[in-house]
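# Sequence and predicted structure, then a few things I'm wondering about:
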Amino acid sequence: MTVAAGGLLVIGDVVTDVVARHRPPLANGTDTAARIRILPGGAGANAACWAARWGCPDVRLLGRVGRDEAGWHESRLRAAGVRPLLIADAEAPTATVIALVDATAERTFLTDSGAVLRISAADWSPSLLDGVGHLHLSGYLLFSPASRQLARLALESARARAIAVSVDPASAGFIGELGVDRVSAALAGADVLFPNADEARLLTGLPDPADAAAKLSRLVPLTVVTLGADGALVAESGTVTARVPSVMAVAVDSTGAGDAFTGAFLAARLSGADAATAAAEGCRAGAEAVTLIGGRPHSPDEADRRPPA
């Protein structure tokens, strides 16, 4: 993959996260004590914010949100150093995710996609790539016909300009629902892929993440598999070329760790780093992410945490 100068355009999900941290196990049919916060999130938006946090000077985010929360999400993105290119949807609400985070910092998501999957080819213009050196697509775009069409159109527009494209497969659960063959077809033409170990196994049918990474890199030339506490694997054109260790951290919430990895990796690549070095930066960002509540780096101004009522 050729590393080009220029900005980073992310197309993906902007979400209102309800993060519920509970120490005791969930008690069915009654109450479980929890600490609950409402925060901005979404895999695409999180990755954009982490790219800005990791020094990328020009990060843009194209996404679709409910009209009533558009201003709040725009302000949160700007505070994080991201230029918001948000479409306000008058008919659908902003996507909402309830993240249940247990005592080990592992999380389970309940997802209402709302306006996210209503983004479509009508929201795209090739001029959005002006000044862009890399296009990143959140895999959540693959899970509805309209947003999948947008993702394909944007990918083809980027390739016509020799702009590299990366994809985060997003969700093993959604990959299973859509089907591995359809997801693999949608990835054709991408330059970089960021699956976690579960997604890599599902996409290849191979139990060993290294074997899965090597196989996926025959489809997408640079495949970087995140392994959580075990770091990351870098595979290029059919061969694992680097095993990158994790960075030690005391985890309180693993939400957004993969998005942090992606954002930092892309920021490093746009600054000229090789794949292994970029993966090491991704591991550093992931380690920082798990020490924070929610999926984004904490911005200098956190006063306005809640969306409008």
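It's in.
# Kindly provide the distance from the nearest residue to residue 170 once chain neighbours are set aside to residue 194.
Excluding the flanking residues, the one nearest residue 170 by CB to CB, 6 or more residues apart in numbering is residue 139, at 3.0 Å. Any C-beta I mention is one placed from the backbone N, CA and C, and that applies to glycine too. Shown here: residue 139 relative to residue 194, a distance of 9 Å by CB to CB, to the nearest Å.
# one step back: near the residue nearest to residue 170, how many other residues are there?
26 (other CB atoms under 10 Å).
# Check residue 190 too.
What residue 190 shows, counting by other CB under 10 Å, is a neighbour count of 24.
# wouldn't it be in contact with residue 167 here?
Yes - with contact defined as CB atoms under 8 Å, residue 190 reaches residue 167; the gap is 4.7 Å.
# Identify the contacts common to the two.
Listed as contacting both residue 190 and residue 167 by CB atoms under 8 Å, 6 or more residues apart in numbering are 137, 220.
# Please list the residues outside stretch 139-154 that contact it.
11-13, 43-44, 113, 116-121, 123-124, 128, 135, 137, 167-171, 174, 177-178, 183, 186.
# now do 7 Å
11-13, 43, 116-121, 123-124, 135, 137, 167-171, 174, 178, 183, 186 (CB atoms under 7 Å, 6 or more residues apart in numbering).
# and that stretch, average pLDDT?
Averaging pLDDT along stretch 139-154 yields 92.
# Give me the buried positions along it.
By 16 or more other CB atoms under 10 Å, the buried positions in stretch 139-154 come out as 139-144, 147-154.
# Nearest to residue 58 among those residues?
Nearest to residue 58 among the buried residues of stretch 139-154 is residue 154, at 17.4 Å by CB to CB.
# to the chain's geometric centre, what's the distance from whichever helix or strand that closest one is part of?
Per DSSP states H and E, residue 154 falls inside helix 145-160. Relative to the centre of its chain, helix 145-160 is centred 17 Å away, using CA atoms, centre = their mean, to the nearest Å.
# can you give me the offset of the next helix or strand after it from its chain's centre?
Using DSSP H and E, the helix or strand that follows helix 145-160 in sequence is strand 164-168. Between the centre of strand 164-168 and the centre of its chain there are 11 Å (CA atoms, centre = their mean).
# Can I get the very next helix or strand once past strand 164-168 as CSV, trimmed to CA atoms?
Per DSSP H and E, the first helix or strand lying C-terminal to strand 164-168 is helix 172-178. Taking Å, rounded to 0.1, in the frame of the first residue of the first chain, the C-alpha atoms of helix 172-178 are listed here in CSV:
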residue,chain,number,x,y,z
ALA,A,172,-18.6,-10.7,14.4
GLY,A,173,-22.4,-10.9,15.2
PHE,A,174,-23.3,-8.8,12.2
ILE,A,175,-20.9,-10.6,9.9
GLY,A,176,-22.7,-13.8,10.9
GLU,A,177,-26.0,-12.3,10.1
LEU,A,178,-25.0,-10.9,6.7
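# in the stretch 51-200 of the chain, which spans are strands?
With DSSP state E, counting those that start in this stretch as the criterion, the stretch 51-200 of the chain has strands at 59-66, 83-89, 95-101, 107-112, 132-138, 164-168, 192-193.
# I'd like to know which of those strands is closest to residue 48.
The nearest among these, by CB to CB, is strand 59-66 at 4.5 Å.
# what's the closest one packed up against?
Strand 59-66 makes packing contacts with strand 7-11, helix 43-53, strand 83-89 when contacts are defined by 3 or more CB pairs under 7 Å, 6 or more residues apart in numbering; DSSP states H and E.
# can I get those in a markdown table with distance to residue 34 and mean neighbour count?
A markdown table is the format used below for the helices and strands packed on strand 59-66 (distance: least, CB to CB, whole Å; neighbours: other CB atoms under 10 Å):
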| stretch | distance to residue 34 | mean neighbour count |
| --- | --- | --- |
| strand 7-11 | 31 | 26 |
| helix 43-53 | 22 | 30 |
| strand 83-89 | 30 | 18 |
